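Q: Pasting a predicted model and its sequence here:
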Amino acid sequence: MTRKPVLYVIAGGVGVALLGAVGLGVFVASGSYDIAAMRPHTQPVRSMLKFFQRRAIVLHARGIAVPMLDDPALVRRGVTLYREHCVICHGAPGEGRQRIGIGLNPNPPPLEQAIERWSEAEIYWTTAFGLKMAGMPSFLLGRTREEVWAIVAFVRQMNRLSPEEYRRMVRAGTDPQDTVTVRWVGKTRAAALAGMRGEPARGKELLKEFGCLSCHMIPGVRGPSGDVGPPLTQWAERQFITGRLVNTPSDLVAWILNPQAIEPGTAMPAVGATLEQAGDMAAYLYTIGARPRERGP
Amino acid sequence: MRKAGRATTCIVVLALLGAGCGQPAPAMVSGGDPKQGAMLLSAHGCGNCHTIPGVSGAGGTIGPPLTGFARRVYIAGKLPNRLENLVRWIRDPQGIEPGTAMPNLVVNEAEALAMAAYLYTLR
């Protein structure tokens, strides 16, 4: 007699599971889920697919040995391959995807920050083998592993490339006669952030004193803020400053000191800060949002 | 019969996905439909680079967030934030600011108007 409640619970559980399975079956068979690429997935489906994809990539890329990727010749080869095969869907700094890459769902992500979210092995795995149901083809088919690693060698450099530096790289990579100087291998954004000096607490006060709030909303800096320029939310994660500079401490300081020199005609004025003050303000701004991760092997 | 089927589907969809089936009448703003605009901002992948409240998958940090966009005074630090400027910027950023990180995408006038209509609902 005393086991009866347990039996009810088990029976109830089985019943609910059965109902769920039948419901799912009816839903799938009804064909009512909108599979049009143009319209987004519902949020639960999107979240589930993203989670599923991340788990699978992380697991499958485990144990892949990453070769030396800081090789200028490899990066140079990677730029050319990237231009030929990847830009059509993923674009590049300042360069849009081509017509064939438009309207895909999932949307091919820009790869500027790929190295901050994925390890080199994970980027290799995804590029080499592709992703089912995602429009991402396997690039290893008909090519060599070295060519795929060349693409990875370039992609891991992307988060330090301004649109201008990217264009220079492309020119130097495609035209052997071009004498333009290019840093094929450089410091990533995460490394640049790690070397930052400046006092965040002082910077926070300075942002207020210099009146930055009158144009920008700045998380953590209290006071009435304006909407003249963009809010500085998630600043440490931001890739570009004014669409031209890569968001690193040195470039942010240069921007704060003299915006008109970088972008003539911009609404952003020089506030008359010293180099040290600009460094402090930058130091505070990089406390906003998550720092980019360096996901090496 | 079909109606009953649809109602069942709707209930199942609601139960499984927590999504609504109702199709409210579109509100027209500046000749564009904001709801269509939100869908287009997602479909064109604007959210890959920009954080846009209310747009599916729009949590990008490559460019600035578009939160509170209706109140923003300037576009790209230069253009006064008016409808015709926003439409121009969406369709041809490289024409307005050559070399900017924002690429030219393939967006037609009607789509840009709808996107603008949505962005102007963000206060």
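A: Okay, I see it.
Q: Would you state the strands of the chain in chain order?
A: Using chain A here. Counting by DSSP state E, chain A has strands at residues A:240-241, A:245-246.
Q: try chain B instead
A: B:74-75, B:79-80.
Q: Which elements pack onto the last one?
A: Read that as strand B:79-80. Packing contacts for strand B:79-80, counted by 3 or more C-beta pairs under 8 Å, 6 or more residues apart in numbering or on different chains; DSSP states H and E, involve helix B:83-91. Every C-beta, even on glycine, is put in place using the N, C-alpha and C of the backbone.
Q: buried set for the helix it packs on?
A: B:L83, B:N85, B:L86, B:V87, B:R88, B:W89, B:I90, B:R91 (16 or more other C-beta atoms under 10 Å in any protein chain shown).
Q: How about stretch A:164-181?
A: So stretch A:164-181, judged by 16+ other C-beta under 10 Å, has buried residues A:E165, A:Y166, A:R167, A:R168, A:M169, A:V170, A:A172, A:G173.
Q: follow-up on the earlier one: reformat the buried residues of helix B:83-91 into CSV and put pLDDT next to each item.
A: Shown next, in CSV, are these (pLDDT from 0 to 100):
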residue, pLDDT
B:L83, 95
B:N85, 96
B:L86, 96
B:V87, 96
B:R88, 96
B:W89, 97
B:I90, 97
B:R91, 97
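Q: Next one: the residue nearest to A:Q239 when sequence neighbours are not counted from B:A101, what distance?
A: Once flanking residues are discounted, A:Q239 sits nearest to B:I62: 4.1 Å by C-beta to C-beta, 6 or more residues apart in numbering or on different chains. The spacing between B:I62 and B:A101, counted by C-beta to C-beta, to the nearest Å, is 7 Å.
Q: more neighbours, the two?
A: B:A101 (28 against 22; other C-beta atoms under 10 Å in any protein chain shown).
Q: how about A:R83, what does it touch?
A: Contact analysis of A:R83 by C-beta atoms under 8 Å, 6 or more residues apart in numbering or on different chains lists A:A92, A:V170, A:G173, A:T174.
Q: Just give the closest residue to A:P230, not the sequence neighbours.
A: B:P64 (3.5 Å).
Q: and the one you found, how many neighbours does it have?
A: B:P64 has 25 neighbouring residues, counting by other C-beta under 10 Å.
Q: wait, it sits on A:Q234?
A: No - assessed by C-beta atoms under 8 Å, B:P64 is found out of contact with A:Q234, at 9.8 Å.
Q: where exactly do the helices run in chain A?
A: A:4-30, A:43-60, A:72-85, A:87-90, A:114-117, A:120-129, A:145-155, A:163-174, A:189-194, A:200-209, A:249-257, A:259-262, A:275-285 (DSSP state H).
Q: Not including adjacent chain positions, what is the nearest residue to B:T51?
A: Nearest non-adjacent residue to B:T51 (C-beta to C-beta, 6+ apart): B:P65, at 3.9 Å.
Q: Report the separation between that neighbour and A:R197.
A: 27 Å.
Q: Of the two, which one has the most company?
A: Shown here are B:P65 and A:R197; by other C-beta under 10 Å, B:P65 has more neighbours (22 against 10).
Q: measure B:V106 to chain A for me?
A: Relative to chain A, B:V106 is positioned 6 Å away (C-beta to the nearest C-beta, to the nearest Å).
Q: circling back to that earlier point, between the helices of chain A, which gets the lowest average pLDDT?
A: The minimum mean pLDDT among the helices of chain A belongs to helix A:189-194 (a mean of 85).
Q: That one and chain B, any residue contact?
A: No - shown here: helix A:189-194 not in contact with chain B (C-beta under 8 Å from any C-beta of the partner chain), separated by at least 11.6 Å.
Q: Which elements pack onto that helix?
A: helix A:249-257.
Q: Pull out the CA atoms of the helix it packs on and give them to me as CSV.
A: Extracted in CSV, the C-alpha atoms of helix A:249-257 (Å, rounded to 0.1, in the frame of the first residue of the first chain):
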residue,chain,number,x,y,z
PRO,A,249,44.5,51.0,-25.8
SER,A,250,47.0,52.9,-28.0
ASP,A,251,44.4,53.6,-30.7
LEU,A,252,41.7,54.6,-28.2
VAL,A,253,44.1,57.0,-26.6
ALA,A,254,45.0,58.5,-30.0
TRP,A,255,41.2,58.8,-30.7
ILE,A,256,40.5,60.5,-27.4
LEU,A,257,43.5,63.0,-27.9
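Q: any residues touching that helix, and which ones?
A: Under the contact criterion C-beta under 8 Å, 6+ apart, helix A:249-257 has outside partners A:192-193, A:195-198, A:241-242, A:245, A:261-262, A:268, A:270-271, A:273, A:275, A:278-279, A:281-283, A:285-286.
Q: again, only this time at 7 Å
A: Identification of contacts with helix A:249-257 by C-beta atoms under 7 Å, 6 or more residues apart in numbering or on different chains yields A:192-193, A:196, A:241-242, A:245, A:262, A:270, A:273, A:275, A:278-279, A:281-282, A:285.
Q: Let me see the ranges of the helices in chain B.
A: Taking DSSP H as the test, the helices found in chain B are B:2-17, B:34-43, B:83-91, B:93-96, B:109-119.
Q: which parts of the last one are buried?
A: Under the neighbour-count criterion of 16+ other C-beta under 10 Å, helix B:109-119 has B:E111, B:A112, B:L113, B:A114, B:M115, B:A116, B:A117, B:Y118, B:L119 buried.
Q: my read: the first one touches B:M39, true?
A: No - checked against C-beta atoms under 7 Å, the pair B:E111 and B:M39 is beyond contact range at 10.0 Å.
Q: quick one: average confidence on stretch B:115-123?
A: Computed over stretch B:115-123, the average pLDDT equals 95.
Q: Then stretch B:63-71?
A: The model assigns stretch B:63-71 a mean pLDDT of 96.
Q: export it as CSV, just CAs?
A: In CSV, the C-alpha atoms belonging to stretch B:63-71 read as follows (Å, rounded to 0.1, in the frame of the first residue of the first chain):
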residue,chain,number,x,y,z
GLY,B,63,30.2,48.0,-34.3
PRO,B,64,28.3,50.3,-31.8
PRO,B,65,25.1,49.2,-30.2
LEU,B,66,21.9,50.6,-31.7
THR,B,67,20.1,50.8,-28.3
GLY,B,68,18.1,54.0,-28.0
PHE,B,69,18.7,54.7,-31.7
ALA,B,70,15.7,57.0,-32.0
ARG,B,71,17.4,59.5,-29.7
